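K.L.:
Compute the structure for the input listed below.
(one chain, ligands or ions: 1)
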Amino acid sequence: MEKQYIKKDLVDDWESLQRIFIRPEDDASRETLIKYMEQILFGLHEFLNKNVGVTESISLKALTDLYKETVISPLPEKKLADVISDIIEGIAPRAVNVASPYFVGHMTAAIPFFMVHLKAIVAALNQNVIKLETSKVLSVLEKQVLAKIHRLMYKNSEAFYQAHVQSTDTSLGSFTTGGTTANLTALWVARNLLLKPFDGFEGVESQGIAGALNAYSLDRAVILASPRGHFSLKKAGGILGIGHGNVIPVDVDAHHRLDVLKLNQKVIELKKNGRTGILAVVGIAGATETGIVDPLDDIADVCEDHGLHFHVDAAWGGPVMLSERYAHKLKGIERGDSVSIDGHKQFFMPMTCGMVYFRDPLAMDAIAYHANYVNREGSVDLGIKTLEGSREANSLILDSSLKIMGTRGYGLMVDHGIETAQRFSQAIHTRGVFEMVTEPELNILTYRILPQYQGADDLGLPHGEKKTGGWGGST
Ligand SMILES: *Cc1c(COP(=O)(O)O)cnc(C)c1O
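P.N.:
Next comes the predicted model:
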């Protein structure tokens, strides 16, 4: 079939194309822009209202068959309005309706409607917080938001926060693209602190892992964590050059929590011959699959006794700190040398947003990089101490939503999640065909169908109800 090209004149030459950068100048073009935005907000809203539950049923095979064209059209095929309509009619119904009441079991779910507006503002401003020149106030704001969350967690004095909130010499943490990069950043810092420079050795960051182990007379460096730890910890082991085989699981107790006695034994055993460097011990504050919180305070004691870096992976559970009712469940998080928290999980932010925090405002110096064109020494340039290069101004979204809802609003959402999981658990206990695998600690529970019913067709379940499942999947 002959392709229909429209608006060919748009790409006649550069002068014609410049139109795509021109903002509304008159009432007519302003109206067009508003019309598109309405189409997006209301068109999608209608879709979410109409399509509850499993959206259009189309097999993956049939779906993939529709997406096999690999040639990019040289000329414009569609107008913006048509592209938007196509997305609303063709993509949205085949995407996953995360706002459906049937959508349980996943980490990233529906978000408050105003997040869409906030995300649009971030895109419209398009500030790059890698450096001050491309972001100005948004770099300053990021430092403020980091200090706010840091304060919520570590509860240091007003004087401490006044000294660090806008200091160009210190960092309380960083925004990242997610929990994976937050964990990687924390463990990167921990690695560089363990294998730091000394007279005659420039440090692991400069000399590499082989040189560092040699300089410190070590055979290996290890990370200790619960086997329920997120697989991003293993990735970090690989990327940091210690090998993911050296991310060593420590046994859990009957409640799936890291067994602190076993941890202590393991540390003593590893330290015995002096040939193993312990890079960090990781405690989980809300395991991705079970929601379980490790005994953070007790792990902190072990780390303190042995002088080890204690990292808390609170990617999932971090925002529980904002709940008046349940904040106590994270007791000990404030003793973490580093803490990861995801924005796009229980802060209900749009993807992608993570954060990493450090108790010591100088810790991030261990990963500082300077370049002349960007990230000048002693500047506010946030890119000096981040894994990512260019980054969007996500702190604006979190700051705004904290202003819109307050800690109370977030706390209520956390409470609701935890209490819904408790009710879900009660419902499962009343059904003979299921059993709980883990009781909910936070808002995640796992259950299974009893083996004797597995494969049975008629379980007396309402049509479409899944036979097995967990609430709170893992990604
Ligand atoms: C989700 C999660 C991660 C990974 O975060 P991403 O944002 O998916 O990269 C790490 N740890 C825990 C405990 C998580 O729940």
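K.L.:
For this structure, just list every one of the helices.
P.N.:
14-17, 27-50, 60-65, 80-86, 114-125, 137-154, 158-164, 179-194, 204-215, 232-239, 260-271, 296-306, 395-429 (DSSP state H).
K.L.:
any idea how far the first one is from the chain center?
P.N.:
If I follow you right, that is helix 14-17. Remark: helix 14-17 is offset 40 Å from the chain centroid, using CA atoms, centre = their mean, to the nearest Å.
K.L.:
follow-up on the earlier one: tell me which of the helices of the chain approaches the ligand most closely.
P.N.:
helix 179-194 (2.3 Å; CB to the nearest ligand atom). Just so you know, the C-beta spots here come from the backbone N, C-alpha and C atoms, and that holds for glycine as well.
K.L.:
tell me the mean pLDDT for that closest one?
P.N.:
What helix 179-194 shows for mean pLDDT is 98.
K.L.:
before we move on, what about stretch 404-422?
P.N.:
In the prediction, stretch 404-422 has an average pLDDT of 95.
K.L.:
who's in contact with it?
P.N.:
112, 114, 152, 291, 319-320, 322-326, 346-348, 402, 440, 442-445, 471 (CB atoms under 8 Å, 6 or more residues apart in numbering).
K.L.:
likewise stretch 385-396?
P.N.:
118, 121-123, 125-130, 135, 138, 141-142, 144-146, 171, 174-177, 181, 184-185, 188, 343, 349, 353, 364-365, 367-369, 382-383.
K.L.:
same check, this time on stretch 158-166
P.N.:
140, 143-144, 147, 150-151, 170, 172, 361.
K.L.:
Please identify which of those is nearest to Leu193.
P.N.:
Top of the list for closeness to Leu193, among the contacts of stretch 158-166 and by CB to CB, is Pro361 at 13.8 Å.
K.L.:
Buried subset of the contacts of stretch 385-396, written for PyMOL?
P.N.:
Restricted to buried positions by 16 or more other CB atoms under 10 Å, the PyMOL selection for the contacts of stretch 385-396 reads:
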select buried, resi 118+122+127+128+129+130+135+138+141+142+145+146+171+174+175+176+177+181+184+185+188+343+349+353+364+365+367+382+383
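K.L.:
Find the nearest non-adjacent residue to Ala314, please.
P.N.:
Ala285 (3.7 Å; CB to CB, 6 or more residues apart in numbering).
K.L.:
Contacts only, for the closest residue to Leu152 other than its chain neighbours.
P.N.:
With CB to CB, 6+ apart as the criterion, Leu152 has its nearest non-adjacent residue at 5.6 Å, and that residue is Met321. Residues near Met321 by CB under 8 Å, 6+ apart: 152-153, 327, 330, 333.
K.L.:
can you rerun that using 10 Å?
P.N.:
149, 152-153, 285, 314, 327, 329-330, 333-334, 339, 341, 346, 407, 410-411, 414 (CB atoms under 10 Å, 6 or more residues apart in numbering).
K.L.:
try Val204
P.N.:
Applying CB under 10 Å, 6+ apart, the residues near Val204 are 188, 191-197, 210-213, 215-216, 221, 240-242, 366.
K.L.:
So among those, which ones count as buried?
P.N.:
188, 191-195, 197, 212-213, 215-216, 221, 240, 242, 366.
K.L.:
Near the ligand, which residues of the chain are found?
P.N.:
107, 178-180, 183, 230, 232, 284, 286, 288, 313, 315-316, 342, 354, 475 (CB under 6 Å from any ligand atom).
K.L.:
tell me the domain boundaries of the chain?
P.N.:
As assigned by automatic domain parsing, the chain contains the domains 14-103, 123-405, 408-474.
K.L.:
for the longest strand anywhere in the chain, the distance to its chain's centre please.
P.N.:
Across the chain, the longest stretch assigned as strand under DSSP state E is strand 276-284. Mean-position distance between strand 276-284 and its chain equals 21 Å (CA atoms, centre = their mean).
K.L.:
From the contact counts, what lies against it?
P.N.:
Counting contacts by 3 or more CB pairs under 10 Å, 6 or more residues apart in numbering; DSSP states H and E, strand 276-284 packs against helix 179-194, strand 220-225, helix 232-239, strand 247-249, helix 260-271, helix 296-306, strand 310-313, strand 338-342.
K.L.:
ok, now how distant is Gly200 from the ligand?
P.N.:
37 Å (CB to the nearest ligand atom, to the nearest Å).
K.L.:
no, scratch that, I was asking about Leu218
P.N.:
27 Å.
K.L.:
Report how many residues lie close to that residue.
P.N.:
17 (other CB atoms under 10 Å).
K.L.:
quick one, what contacts it?
P.N.:
Contacts of Leu218 by CB under 10 Å, 6+ apart are 194-195, 209, 212, 274-277.
K.L.:
Give me the pLDDT value at it.
P.N.:
98.
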